[in-house]
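S.K.: Have a look; sequence and predicted model below, questions after that.
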Amino acid sequence: MRRLRRVKILATLGPASQDPETLMALFEAGADVFRINMSHASHDAMRERIRMIRSIEEKTGRPVGILCDLQGPKLRVGIFKDDSAMVAKGAQFVLDSDPTPGDATRVHLPHPEILEALRPGHTVLIDDGKVSLHIVEADGKKAVAVVDVAGKISNKKGVSLPDTEIPVSAMTEKDRSDLEAALNEGVDWIAVSFVQRPEDVAEVKKIARGRALVLAKIEKPQAIARLNEIIEISDALMVARGDLGVEMPLEKVPGLQKRICRNARRLGKPVVVATQMLESMITSPVPTRAEVSDVATAVFEGADAVMLSAESASGQYPIEAVRTMNRIAEEVECDDIYRSIITTQRTTPEQTGADAIAVATRDVAETLDLKAIVAWTSSGSTAFRIARERPESPILALTPNRDAARRLCLVWGVHSITTKDAHDIDDMALRACKFAHREDFAKDGERVIVVAGVPFGTPGATNMVRIAFIDSRDWAKK
């Protein structure tokens, strides 16, 4: 099932998409990667969903990516005597270490590390910013705040701290348990929530030990401050616009989205744009015009993937949402202006042989109007490098590594196939042509460019390019 677009679609699973028939329909509608949100999934539910996704692979013969999204540290206030309290603008409100139920003047904050980190001038947002406070006094045991935006605070509402670097890991005990369970089930990508520093990503990568690639969700101001360091250590990025738009002014989010996308592409890391892309389709069979434009903007920007959250997890029209996103992406990529925008974003390659070959491959393919770039890759790194160049020719990745094929489902423009490794250069060219023909990338008499590393099976050793003619008689004789 070859997609007619380069950008990938990531669909979140949930109550509206938890049976085999719906999962298959989502895949057929255009989903390339499925996201399992561990904020709402037990280990048993995760295993069952993974089993259903792998069943799709068996039925279709196509790799399908699985992303496990860790919950991360959820900061919440305590409880109130009457389950909630109204706080007035200008009034003082205390966050403290006393577990006694709160009222309109105070509430327990069951996170001693936050109380120790708060300083005068820091902003505290409660319930996604519906209530806003700023700290005027803090002694490590309690923090006195003044209410800037009034409203009702209910039991265990979430707390956001845009000015405060929380001196704890992005991994909770729940996350560690979820991570081990996900790795044991063979997921392809791990998403780390509420990343503040590169060390947060390094901690997950140390545990994963290459069993899955690690994606950093950019949703806190502290992550923006150290963005390039986080991109360097991560395998991929996500522009998590929901929490990012809570902890930073909303008007800054579009510019940050472009900045993250371009920086990630410059460093050759896949980037996903997420949150509220087709939000109205949770309850409506058609999106708003603004939502269509939002998805299109991400595609024009060259994002590797666009993501559906509640639209596919709990909405009334999950399959229609994926179909709509698929149609938008296909239309954008056919637009005359699309290629010019993608081309102007190209950056200088790194001074490595592999990157030089990736750039040369793109240039040769475009100069000769070659029908496909066929990349033999063991780890997937060759396909990652070529995708960074956003070539006009589609990318066909051939790999003996099933895990690499699945991981590449998140990468722009890559159509991955699992096959045995080539045993010599002639076999490499012959089977590259055979797969390009079989997958309808090229016809007899047309040409493809083949990229590989010699010796075969050596990760990261991209060092050879060959132009090959398609002639189906060559493999018919075999």
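M.R.: Good, I have the coordinates. Numbering: from 1, shown residues only.

S.K.: Please make it C-alpha for all contacts and neighbour counts, starting now.
M.R.: Will do.

S.K.: So for stretch 170-188, mean pLDDT?
M.R.: Averaging pLDDT along stretch 170-188 yields 96.

S.K.: got it, and stretch 366-373?
M.R.: The model assigns stretch 366-373 a mean pLDDT of 96.

S.K.: Buried ones in it, by neighbour count?
M.R.: Neighbour counts over stretch 366-373 (16 or more other Cα atoms under 10 Å) mark 370-373 as buried.

S.K.: I'd like those laid out as TSV, including secondary structure and distance to Ala223.
M.R.: TSV is the format used below for the buried residues of stretch 366-373 (DSSP: H, G, I helix; E, B strand; the rest coil; distance: Cα to Cα, whole Å):
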residue	secondary structure	distance to Ala223
Leu370	coil	41
Lys371	coil	40
Ala372	coil	37
Ile373	strand	35
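
S.K.: the domain parsing of the chain - what is it?
M.R.: Listed by automatic domain parsing, the domain ranges of the chain are 8-72+169-333, 84-160, 353-476.

S.K.: So for Thr343, which of these sits nearest?
M.R.: Set against Thr343 and scored by Cα to Cα, the domains of the chain come closest in domain 353-476, at 7.8 Å.

S.K.: now for that closest one, what's the gap between its first and last residues?
M.R.: 35 Å (Cα to Cα, to the nearest Å).

S.K.: now do stretch 230-245
M.R.: Chord length of stretch 230-245, first to last residue, is 19 Å (Cα to Cα).

S.K.: repeat for stretch 185-194
M.R.: 24 Å.

S.K.: before we move on, what about stretch 104-120?
M.R.: 21 Å.

S.K.: List the buried residues of it.
M.R.: 104-110, 114-119.

S.K.: cool, and stretch 71-81?
M.R.: Buried-residue list, stretch 71-81, by 16+ other Cα under 10 Å: 71-73, 75-80.

S.K.: same check, this time on stretch 441-456
M.R.: Buried residues in stretch 441-456, defined by neighbour count with 16+ other Cα under 10 Å: 441-443, 446-453, 456.

S.K.: what helix or strand does Ala290 sit in?
M.R.: helix 289-300 (DSSP states H and E).

S.K.: Which elements pack onto the following helix or strand past that helix?
M.R.: Under the assignment DSSP H and E, the closest C-terminal helix or strand after helix 289-300 is strand 305-308. Strand 305-308 sits against strand 8-12, strand 271-274, helix 289-300, with contacts defined as 3 or more Cα pairs under 8 Å, 6 or more residues apart in numbering; DSSP states H and E.

S.K.: export the first one as CSV, just CAs?
M.R.: Extracted C-alpha coordinates of strand 8-12, given in CSV (Å, rounded to 0.1, in the frame of the first residue of the first chain):
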residue,chain,number,x,y,z
LYS,A,8,3.4,10.7,7.5
ILE,A,9,0.2,10.5,9.6
LEU,A,10,0.4,9.6,13.3
ALA,A,11,-3.0,8.5,14.8
THR,A,12,-3.6,8.2,18.6
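
S.K.: Check which helices and strands that strand sits against.
M.R.: The contact analysis (3+ Cα pairs under 8 Å, 6+ apart) places strand 8-12 against strand 33-37, strand 305-308, helix 310-313, helix 318-334.

S.K.: Generate TSV for the buried residues of stretch 441-456, with pLDDT and secondary structure as supplementary columns.
M.R.: Listed next are the buried residues of stretch 441-456 as TSV, based on pLDDT from 0 to 100; DSSP: H, G, I helix; E, B strand; the rest coil:
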residue	pLDDT	secondary structure
Phe441	96	coil
Ala442	96	coil
Lys443	95	coil
Glu446	96	coil
Arg447	97	strand
Val448	98	strand
Ile449	97	strand
Val450	96	strand
Val451	94	strand
Ala452	88	strand
Gly453	79	strand
Phe456	68	coil
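
S.K.: Out of those, the closest to Ala11 would be?
M.R.: Phe441 (26.0 Å).

S.K.: Does the closest one touch Leu370 like I think?
M.R.: No. Phe441 lies out of contact with Leu370 (Cα atoms under 8 Å); the separation is 10.0 Å.

S.K.: pLDDT score for Lys478?
M.R.: pLDDT for Lys478: 60.

S.K.: As JSON lines, the buried residues of stretch 104-120 with pLDDT would be great.
M.R.: Below are the buried residues of stretch 104-120 laid out as JSON lines (pLDDT from 0 to 100):
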{"residue": "Ala104", "pLDDT": "94"}
{"residue": "Thr105", "pLDDT": "95"}
{"residue": "Arg106", "pLDDT": "96"}
{"residue": "Val107", "pLDDT": "96"}
{"residue": "His108", "pLDDT": "96"}
{"residue": "Leu109", "pLDDT": "94"}
{"residue": "Pro110", "pLDDT": "92"}
{"residue": "Ile114", "pLDDT": "91"}
{"residue": "Leu115", "pLDDT": "93"}
{"residue": "Glu116", "pLDDT": "93"}
{"residue": "Ala117", "pLDDT": "93"}
{"residue": "Leu118", "pLDDT": "95"}
{"residue": "Arg119", "pLDDT": "95"}
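
S.K.: how about the buried residues of stretch 441-456, which pair is most distant?
M.R.: Going by Cα to Cα, the pair spanning the buried residues of stretch 441-456 furthest: Lys443 and Phe456, at 26.7 Å.

S.K.: so what's the backbone phi/psi at Ala365?
M.R.: phi -60, psi -40 (degrees, to the nearest 10).

S.K.: Also the one 5 residues further on?
M.R.: In this entry, Leu370 is assigned phi and psi values of phi -80, psi 150 (degrees, to the nearest 10).

S.K.: okay, and for the chain, where does confidence drop off?
M.R.: Residues of the chain that meet the criterion pLDDT under 70 lie in 456-461, 477-478.

S.K.: One more pass at 80, please.
M.R.: Applying pLDDT under 80 to the chain picks out residues 1, 168, 170, 453-463, 476-478.

S.K.: In the stretch 51-200 of the chain, mark out all the helices, start to finish.
M.R.: Along the stretch 51-200 of the chain, the segments classed as helices by DSSP state H, counting those that start in this stretch run 112-117, 173-184, 198-208.

S.K.: do you know which of the ones you listed lies nearest Gly140?
M.R.: Closest among the helices of the stretch 51-200 of the chain, using Cα to Cα: helix 112-117, at 4.0 Å.

S.K.: Touching the closest one from outside, list them.
M.R.: Contacts to helix 112-117, defined as Cα atoms under 8 Å, 6 or more residues apart in numbering, come from residues 95-97, 109, 138-143, 164-168.

S.K.: now it: how far from the chain's centre is it?
M.R.: 30 Å (Cα atoms, centre = their mean, to the nearest Å).
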